[in-house]
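>>> just the structure for this:
(chains A and B)
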Amino acid sequence: MRVLIVGYGYMGKIRHEALRKNPWVEEVKIFDPAPAASTAQARELFLPADAPIAWDRFDAAFVCTPNNVTADLVVEGLRRCGKVFCEKPPGRNWDDFSRIAEAAAALPHTTLAFGFNHRLHPSIQAAKSLIGEGGLGEILYVKGTYGKSGGRHYRQNWRNKKEIAGGGILLDQGVHMLDLFHLFLGNLRPVDAVLVDSFWNCGMEDNAFVLLRSSQGVPAFLHSSATLWKHTFRLEIGCQNGYLVASGLLSQTGSYGREQLTIGRRQFEDEALALGNPREEIIHFDRDESWEKEVNEFLSAVKEKRDPTHGTLEDARRVMEVIRDVYAMAEVPALGRDVRSA
Amino acid sequence: MRSFEMTETFALSSVKPLEELASYRKALIELTKKALAHGSQPRALSPISQRVLEPAGEVEGLPYGRCPESGSLFLTQLPKPQVWAELLTQVVQLRHSPVGFHRNLAQSRMDHVYAPKLEWMEEALRLQQIRQPRVLEVATAPSDFTQLLRESATFSQVVTEDETALAFSKDPDGRQPLEAAILLESLDHSMEPAGLAQALSQRLVPGGLLFVTCLVASGFDFHVLGLRNLYLVPPDRANCFTLKGLTQLLKRHRFELVEVSTPGVLDVEIVRSHWQKDPTLPVSSFERFILESDEEARRAFQSFLQEGHASSFARLVARRVS
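Okay, the predicted model is just below:
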């Protein structure tokens, strides 16, 4: 297969690495009008930046660009290549997403997938398999914290410029946690939200607290943050017969800590020495194949001319609806505690 | 690959008390020597690497050799297979006699040993999305675990086969294929562990899971106590693999590792019990520091051993590759 990567920043490089490992991929070309100096080694793979993108030369395309151009490129890719993988988030806002969705609906024989690789992390897959009958039973609640620290150049990053990114940390990282909430609970609607630009003064939320409820009435709570000075990924799932805590992420830098899943089984006083302190098992994972799995699944769908099994248009719609509604219900006050005065 | 830690703690005395081990251990040594008296054959090569075993010392006059590649320990004199199978049957009976401690601790062992093992298997099968497998329990009958397996709704069929017969079976291919197999410390006392691994590799369908528990020589209490470890006694521990040796054995018989854990909770207490029983036991100043620490520190150290694959109780899940 001949594959095109549009945008060769952090995510473009990750997708390239996964494509290198895929046996079906014969050729990878890259389009990036402003490649970073660090991409010198891959320069022979670059298409000319001053010529139109030759979408139709490729069997599949990965759009890994800043959010402000995502929708235009995905729509163009769908029309001219027909097989597009769109990095998250699916545009800056609901309007961007709607344009993508309309294009996809008008082109029924195209393949479109979105990058929600967290579903394929080993701790999440293990958690999913342990829920339900014969396991930990049905879910009672879900609570997720996902956050990063920012850094000295936080304001300079395009992700934190409203005109480019479209939204703050909720759209940037929170979108992954919302996708996981949907994976476990199905459709969700926001009940209440507090957004705040507490530290970075970027004019967008750097902390989002969102209370949600599933269509079955199961509550979920998200804290998405760009002021967690210790990088954190933590998903707590309370079930009828026990609980699961997925924490840490096998990431390139390892800054989120060792990926693990804690499994606790409900024990009342007749089953344990002390009530409320049940036996726990902690599974440690040493391999994150989520990027490879996601790329392989998309390319399989392309090859087999079928819809992708995850990262679907419907998955993207669910998270973008929640984000749209949260932004509509909550203002983003700036507290003015910015990095310069800290 | 996954590895597990456990937060549960329980006392050594609740599952295998050192103070009640002496008479059981003495009987095992006598039975083993009696079996060897019928005629023995040397085991010169490591069942893992096929390299010549290096002398490792003796346990009550019974010689052990060390695999030069993995450090695993193996009893170097073995009787004929039939005599070995009879010996293992006698040991099962002994465990439930007044000489063994197992009978008095039946409920405690069920709670702390067998029930968590069943839970582990059920969990691993769910993680691998294997539903209602036919499972082969490899043991010398009667096994304390069989009833628990049969009562579990997890398995569609439970088959129990004799471990020695299976290790020497000529035509395992011709039998019913299975989706799961269980070796609870069978590799510790099989006289032909490579044959057992090979037979299971043939019996399991591609993708089928093998559950293995073992005491491993790479664990903390074996590191400190070596052959003085009173739990190292044939035939129960005719083999004492290291974690490295165990994984090598499985990989060489077409298994890939899905989980490698050492979730043991007793290493520190085992060394402490030995040390309290024999204060002249040589221990380093660091080991002494750990043994003299308060319970919280000892528990934290045990947790470190689990996480670092350095406890002597090993638990593995291996998948039969196609």
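>>> need the phi and psi values for the residue of the stretch 51-200 of chain A found nearest chain B.
Residue nearest to chain B within the stretch 51-200 of chain A: residue A:129 (4.9 Å; C-beta to the nearest C-beta). All C-beta spots, glycine's among them, are computed from the backbone N, C-alpha and C. Residue A:129 adopts backbone torsions of phi -70, psi -20, taken as degrees, to the nearest 10.
>>> you'd agree residue A:54 is up against residue A:76?
No. Residue A:54 is beyond contact range of residue A:76, at 11.7 Å (criterion: C-beta atoms under 8 Å).
>>> between the two, who's got more neighbours?
The neighbour comparison of residue A:54 against residue A:76 (other C-beta atoms under 10 Å in any protein chain shown) goes to residue A:76, with 19 against 14.
>>> does the more buried one sit in a helix, a strand or a coil?
Following DSSP: H, G, I helix; E, B strand; the rest coil, the label given to residue A:76 is helix.
>>> what's near enough to touch the closest residue to it other than its chain neighbours?
Nearest residue to residue A:76, sequence neighbours excluded (C-beta to C-beta, 6 or more residues apart in numbering or on different chains): residue A:55, at 6.8 Å. When contacts are counted by C-beta atoms under 8 Å, 6 or more residues apart in numbering or on different chains, residue A:55 is found next to A:4, A:61, A:76-77, A:80-81.
>>> would you quantify the distance from residue A:55 to residue B:140?
Distance, residue A:55 to residue B:140, by C-beta to C-beta, to the nearest Å: 67 Å.
>>> who does the biggest strand by length in chain B pair up with?
For chain B, the longest strand by residue count, based on DSSP state E, is strand B:204-215. Strand B:204-215 sits in its sheet next to strand B:178-184 (parallel), strand B:313-320 (antiparallel), going by DSSP bridges.
>>> got a list of contacts for that strand?
B:117, B:120-121, B:124-125, B:128, B:130, B:133, B:177-185, B:187-188, B:200, B:222, B:231, B:237, B:240-241, B:246, B:250, B:255, B:258, B:312-322.
>>> what about that strand, average pLDDT?
Averaged across strand B:204-215, pLDDT comes to 96.
>>> cool, stretch B:145-154 as well?
In this model, stretch B:145-154 has an average pLDDT of 90.
>>> for the record, mean pLDDT for the longest helix belonging to chain A?
Longest helix in chain A by number of residues, with DSSP state H as the criterion: helix A:313-329. On average, the pLDDT along helix A:313-329 is 97.
>>> keeping just the C-alphas, turn it into CSV.
Written as CSV, here are the backbone C-alpha positions of helix A:313-329 (Å, rounded to 0.1, in the frame of the first residue of the first chain):
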residue,chain,number,x,y,z
LEU,A,313,-17.5,8.5,12.8
GLU,A,314,-20.0,7.6,15.5
ASP,A,315,-17.3,7.4,18.2
ALA,A,316,-16.0,10.8,17.1
ARG,A,317,-19.6,12.2,17.0
ARG,A,318,-20.2,11.1,20.6
VAL,A,319,-17.2,12.9,22.0
MET,A,320,-17.6,16.0,19.9
GLU,A,321,-21.3,16.3,20.9
VAL,A,322,-20.3,16.2,24.6
ILE,A,323,-17.5,18.8,24.0
ARG,A,324,-19.9,21.0,22.1
ASP,A,325,-22.5,20.9,24.9
VAL,A,326,-19.9,21.5,27.7
TYR,A,327,-18.5,24.6,25.9
ALA,A,328,-22.1,25.8,25.5
MET,A,329,-23.0,25.3,29.2
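>>> quick check: buried residues in that helix?
For helix A:313-329, the neighbour count (16 or more other C-beta atoms under 10 Å in any protein chain shown) marks A:313, A:315-327 as buried.
>>> then stretch A:73-88?
Across stretch A:73-88, burial judged by 16+ other C-beta under 10 Å covers A:73-78, A:80-88.
>>> which residues of chain A lie near chain B?
Residues of chain A lying near chain B by C-beta under 8 Å from any C-beta of the partner chain: A:122, A:126, A:129-130, A:134-135, A:263, A:265, A:279-287.
>>> got a quick PyMOL command for the buried subset of the residues you listed?
Typed into PyMOL, the line below selects the buried ones among these, using 16+ other C-beta under 10 Å:
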select buried, chain A and resi 122+126+129+130+135+263+265+279+280+281+282+283+284+285
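>>> how many neighbours does residue 290 have?
As the question left the chain open, I've gone with chain A. 20.
>>> sorry, should have said chain B
Count around residue B:290 with other C-beta under 10 Å applied: 19.
>>> quick one on the thing from earlier: show the buried residues in the contacts of strand B:204-215.
Here, 16+ other C-beta under 10 Å leaves B:117, B:120-121, B:124-125, B:128, B:130, B:133, B:178-185, B:187-188, B:200, B:222, B:231, B:237, B:240-241, B:246, B:250, B:255, B:258, B:312-320 buried among these.
>>> of all the strands paired with strand B:204-215, which lies closest to residue A:177?
Between residue A:177 and these, the tightest spacing by C-beta to C-beta is seen for strand B:313-320, at 29.7 Å.
>>> restricting to C-alpha, output that closest one in CSV.
What follows is strand B:313-320, C-alpha atoms only, in CSV (Å, rounded to 0.1, in the frame of the first residue of the first chain):
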residue,chain,number,x,y,z
PHE,B,313,6.4,-18.1,44.0
ALA,B,314,6.1,-17.8,40.3
ARG,B,315,2.9,-17.6,38.2
LEU,B,316,3.0,-17.8,34.4
VAL,B,317,0.5,-17.8,31.7
ALA,B,318,1.8,-19.1,28.3
ARG,B,319,0.0,-19.2,25.0
ARG,B,320,0.5,-22.0,22.6
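>>> got the contact list for that strand?
B:2, B:4, B:120, B:124, B:128, B:201, B:204-216, B:219, B:241, B:243, B:246-247, B:250, B:254-267.
>>> 6 Å - rerun?
B:124, B:204, B:206, B:208-214, B:216, B:243, B:250, B:255-264 (C-beta atoms under 6 Å, 6 or more residues apart in numbering or on different chains).
>>> out of those residues, which end up buried?
Buried members of the contacts of strand B:313-320, counted by 16+ other C-beta under 10 Å: B:124, B:204, B:208-214, B:216, B:243, B:250, B:255, B:257-264.
>>> tell me which two in the buried residues of stretch A:73-88 are the farthest apart.
A:80 and A:88, at 22.2 Å, using C-beta to C-beta across the buried residues of stretch A:73-88.
>>> around chain A, pick out the residues from the stretch 101-250 of chain B.
B:126-127 (C-beta under 6 Å from any C-beta of the partner chain).
>>> let's see 7 Å
Counting by C-beta under 7 Å from any C-beta of the partner chain, the residues of the stretch 101-250 of chain B close to chain A are B:123, B:126-127, B:129.
>>> need those in TSV (columns: neighbour count).
Converted to TSV, these look like this (neighbours: other C-beta atoms under 10 Å in any protein chain shown):
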residue	neighbour count
B:123	22
B:126	20
B:127	22
B:129	8
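>>> which residue ranges of chain B form helices?
Using DSSP H, helices in chain B cover B:21-37, B:81-95, B:106-109, B:115-127, B:146-151, B:163-167, B:186-189, B:193-203, B:220-225, B:243-251, B:267-277, B:285-292, B:295-307.
>>> can you tell me the SS state at residue A:230?
coil.
>>> from chain B, how far off is it?
20 Å (C-beta to the nearest C-beta, to the nearest Å).
>>> give me the phi and psi for that residue.
phi -110, psi 120.
>>> hang on, the earlier thing: per-residue pLDDT, the residue of the stretch 51-200 of chain A closest to chain B?
93.
>>> and what of residue B:45?
Residue B:45 is assigned 96 on the pLDDT scale.
>>> same question for residue A:264.
For residue A:264, pLDDT reads 92.
>>> any chance you could map the strands in the stretch 101-250 of chain A?
A:111-114, A:139-147, A:188-196, A:207-214, A:219-225, A:232-239, A:242-247 (DSSP state E, counting those that start in this stretch).
>>> so which of those is the most packed in?
Comparing those by mean neighbour count (mean count of other C-beta atoms under 10 Å in any protein chain shown), strand A:111-114 comes out on top with a mean of 26.
>>> CA atoms of that strand as PDB?
Presented in PDB, the C-alpha positions along strand A:111-114 are these (Å, rounded to 0.1, in the frame of the first residue of the first chain):
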ATOM      1  CA  THR A 111     -13.200   4.700   4.800                       C
ATOM      2  CA  LEU A 112     -12.700   7.100   7.600                       C
ATOM      3  CA  ALA A 113     -11.300   6.500  11.100                       C
ATOM      4  CA  PHE A 114     -10.200   8.700  14.000                       C
END
